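In: fold the stuff below for me.
(chains A and B)
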Amino acid sequence: MSKMKTSRAIGFRSSALTLAAILSVITISSASGFSHSTPGGTSGMVQVASADASASSVTEVKIDNFAFTPGVVTVKAGTQVTWINHDDIPHTVDSTQGKFKSAALDTDDKFQFRFTEPGEYPFYCRMHPKMTGKIIVQP
Amino acid sequence: MADKKQDLIDQKLQDFNNDGVDRRGFLKCMAWAGTGLVWAMSGGLPVSQAFAKSGGKDVGKGADFSFVQVSDSHIGFSKPANPDVTATLQVAIDRINAMTHKPDFIIHTGDLSQLSKPSEFDTLDQALKGISAKQIYFVPGEHDMLTDNGEQYLQRFGKDTKGAGWYSFDHKGVHFVGLVNVANLKAGGLGSLGHEQLEWLEDDLKGRSASTPIVLFAHIPLWTIYPDWGWGTDDSEQALSYVKRFGSVTVLNGHIHQVMQKVEGKVSFHTAMSTAFPQPAPGTAPSAGPMKVPADQLQKVLGITDVNYLVSGTSLAIVDSPLDGSAPSTQGKSAS
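Out: From the prediction side, this is the model:
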């Protein structure tokens, strides 16, 4: 964000320099194994910066040590979310609103659900109800 | 070993039904609940104290009857530390069949299966057919209700029960109540009995004499052991309020795969070992998942619970026996 302010203050030429810097950063992160797509330019920068608070590319919820991780996931409408159980004990994924309900997931079993309607979808494990999480679906 | 254990049980029962024992003094050493309940478990504190107190007194008559609690068989589980839970269940059955005092019946406090699969229930059923005791009473664990809201469990192990599988019966003057606290659990909560079952329980206990010994059994502990891991029951206080007027109440649970006990007034709480795999002590691991132990240690942390009742004195002696046949373990915690 501070980069943005700086580029606005110094004008077009240094803005181009900043863009070059951003591109090189992207190149480096691609080389280190990251594979997120970036629209490019300063507007792309803004989108990346705010990614944590809005729809993310995370569509998998891991079950580890009797917990859903991440506990809250934000996705765009139409996204399919996958839950995968890494514990030695079975768990389930049950919507508290009755919108979805998995069978018992044994170790490495998966459950998938596609969220088409925007809204909040709290869920829990009906075997271990202390385990809770939420999917936030944005338009 | 079996005879030694029998002596121990007889001794305990004798101690607490003759007035020759200094009860007031004994209260201080934690083994006496003040209501005629005797904890003879966990070779350490209560047991050794009892022996010290009793001196060389003659061993009296044995219990009027006994029963055995088996728990958390998890048939279908095959991961470390136990790749063969059917084999360890069989060891438990062999131990029961080898007892010198034959239990009148068995109580299984749930998690018969790992995934509620018909084949898992079949295997358990077949194994338990080899038990010499005539009758086995069940309550379901959360692992037994995974399909059809527990319909399959009810058809096979909960015939003639009410609701999700609760019921009561009388045996030689003792009133037993099997409760279900693993059905319709609410997000964020602990075990739950629910309104309908609580109403039934209140009604079931109504009109019974306060001198009737009561045994409540359910899968998840009916006392709060460790809420972070879900080791407790949200509405157990309500259930316990109905048994307050009784002189002797014993609560037997499973679920946590280890021995723990607490005495609160006239109510004694006890949890049993699993026949399948141990779980960590509360808060000692990132989660309540199976505890991995070396193969040669496994049968030290699996076991059964032998409950002996002397009706005339409303005394009850509980001995937890590891499957490896070693002396009753000292892993139980005592309430002070």
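In: A:Val58 against A:Lys76, yeah?
Out: No: using CB atoms under 8 Å as the test, A:Val58 is too far from A:Lys76 to be in contact (11.7 Å). Where C-beta positions appear, they are placed from N, C-alpha and C, glycine not excepted.
In: neighbour-wise, which of the two wins?
Out: Under the neighbour definition other CB atoms under 10 Å in any protein chain shown, A:Val58 and A:Lys76 were set side by side, and A:Lys76 has more, 15 against 12.
In: contacts only, for residue 125.
Out: All of this is about chain A. Counting by CB atoms under 8 Å, 6 or more residues apart in numbering or on different chains, A:Cys125 makes contact with A:Ile63, A:Phe68, A:His91, A:Thr92, A:Val93, A:Asp94, A:Met131.
In: the chain in question should be chain B.
Out: B:Arg156.
In: would it count as being in a helix?
Out: Yes: counting by DSSP: H, G, I helix; E, B strand; the rest coil, one finds B:Asp125 located in a helix.
In: where does it land on pLDDT?
Out: We note a pLDDT of 97 for B:Asp125 in this prediction.
In: okay, now the unreliable bits of the stretch 51-200 of chain B?
Out: B:51-63 (pLDDT under 70).
In: what residues does it put near chain A?
Out: Residues of the stretch 51-200 of chain B that fall close to chain A, judged by CB under 8 Å from any CB of the partner chain: B:79-80, B:114-116, B:142-143, B:146-147, B:185-190.
In: what's the most distant pair in these?
Out: Greatest spatial distance among these (CB to CB): B:Pro80 and B:Lys186, at 32.2 Å.
In: and the helix or strand B:His175 falls within, what does it pack against?
Out: Under the criterion of DSSP states H and E, B:His175 resides in strand B:174-178. Strand B:174-178 is packed against strand B:135-138, strand B:167-171, helix B:195-205, strand B:214-218, with contacts defined by 3 or more CB pairs under 8 Å, 6 or more residues apart in numbering or on different chains; DSSP states H and E.
In: please name the nearest non-neighbouring residue to residue 114.
Out: Unless you meant another one, I'm taking chain A. Excluding the flanking residues, the one nearest A:Arg114 by CB to CB, 6 or more residues apart in numbering or on different chains is A:Gln80, at 4.3 Å.
In: the intended chain is chain B.
Out: Residue nearest to B:Gln114 in three dimensions, not counting chain neighbours: B:Gly76, with 3.4 Å by CB to CB, 6+ apart.
In: ok, that neighbour to B:Ile96 distance?
Out: Distance, B:Gly76 to B:Ile96, using CB to CB, to the nearest Å: 22 Å.
In: hmm, back to that, partners of the strand holding B:His175 in the sheet?
Out: strand B:167-171 (antiparallel), strand B:214-218 (parallel) (DSSP bridges).
In: most tightly packed of those strands?
Out: Stretch with highest mean neighbour count among these: strand B:214-218 (a mean of 25; mean count of other CB atoms under 10 Å in any protein chain shown).
In: pLDDT of it, averaged?
Out: 96.
In: same deal with stretch A:122-130?
Out: 97.
In: can you pull the contacts of the residue nearest to A:Arg114?
Out: Here A:Gln80 is in contact with A:Thr59, A:Gln112, A:Phe113, A:Arg114, A:Phe115 (CB under 8 Å, 6+ apart).
In: now intersect the residues you listed with the strands, please.
Out: Using DSSP state E, the subset of the contacts of A:Gln80 located in strands is A:Gln112, A:Phe113, A:Arg114, A:Phe115.
In: the helix or strand harbouring A:Val73 near chain B at all?
Out: Element membership for A:Val73 (DSSP H and E) is strand A:72-76. No: under the criterion of CB under 8 Å from any CB, strand A:72-76 makes no contact with chain B; the nearest approach is 14.1 Å.
In: tell me the strands beside that strand, with direction?
Out: Strand A:72-76 is paired, per DSSP bridges, with strand A:132-138 (parallel).
In: buried stuff in the partner strand?
Out: By neighbour count with 16 or more other CB atoms under 10 Å in any protein chain shown, strand A:132-138 contains the buried residues A:Thr132, A:Gly133, A:Lys134, A:Ile135, A:Ile136, A:Val137.
In: contact partners of it?
Out: A:54-55, A:61, A:68, A:70-77, A:79, A:81, A:115, A:117-124, B:187-188.
In: relative to chain A, how far out is B:Asp84?
Out: 15 Å (CB to the nearest CB, to the nearest Å).
In: the residue nearest to A:Arg114 belongs to a helix?
Out: No: with three-state DSSP as the criterion, A:Gln80 is strand rather than part of a helix.
In: pLDDT score for it?
Out: At A:Gln80, pLDDT is 96.
In: what does B:Thr305 give?
Out: pLDDT, B:Thr305: 89.
In: helix, strand or coil: sort out it for me.
Out: Here B:Thr305 is strand, with the state taken from three-state DSSP.
In: so who does it touch?
Out: Counting by CB under 8 Å, 6+ apart, the residues that B:Thr305 touches are B:41, B:68-71, B:252, B:259, B:270, B:272-273, B:318-321.
In: buried residues, stretch B:139-159. List them.
Out: Those would be B:139-146, B:150, B:152-154, B:156-158, for stretch B:139-159 by 16+ other CB under 10 Å.
In: among those residues, name the ones in helices.
Out: B:Gln152, B:Tyr153, B:Leu154, B:Arg156, B:Phe157 (DSSP state H).
In: I'd like to know which of these is nearest to B:Ala285.
Out: B:Tyr153 (28.9 Å).
In: wait, that closest one sits on B:Lys117?
Out: No: between B:Tyr153 and B:Lys117 no contact is recorded; they are 11.5 Å apart, counting by CB under 8 Å.
In: for the residue nearest to A:Leu105 when sequence neighbours are not counted, name its beta-bridge partners.
Out: Spatial nearest neighbour of A:Leu105, excluding adjacent residues (CB to CB, 6+ apart): A:Asn85 at 4.2 Å. With DSSP bridges as the criterion, A:Asn85 is bridged to A:Ile63.
In: pLDDT weak spots in chain A?
Out: Counting by pLDDT under 70, the ranges of chain A that qualify are A:1-57.
In: do that again at 90, thanks
Out: A:1-58 (pLDDT under 90).
In: three-state assignment of B:Gln299?
Out: Three-state assignment for B:Gln299 (three-state DSSP): helix.
In: now the strand holding A:Val73: buried residues?
Out: Under the neighbour-count criterion of 16+ other CB under 10 Å, strand A:72-76 has A:Val73, A:Thr74, A:Val75 buried.
In: please apply the same query to stretch A:60-80.
Out: Applying a neighbour-count criterion of 16+ other CB under 10 Å, one finds A:Val61, A:Ile63, A:Phe66, A:Ala67, A:Phe68, A:Val73, A:Thr74, A:Val75, A:Thr79 buried in stretch A:60-80.
In: the strands in the chain, which residues?
Out: Just going to use chain A. A:60-64, A:67-69, A:72-76, A:79-85, A:94-95, A:110-115, A:119-124, A:132-138.
In: my bad, chain B
Out: Secondary structure of chain B, counting by DSSP E: strands at B:37-38, B:65-70, B:105-108, B:135-138, B:167-171, B:174-178, B:214-218, B:249-253, B:260-264, B:267-271, B:303-310, B:315-322.
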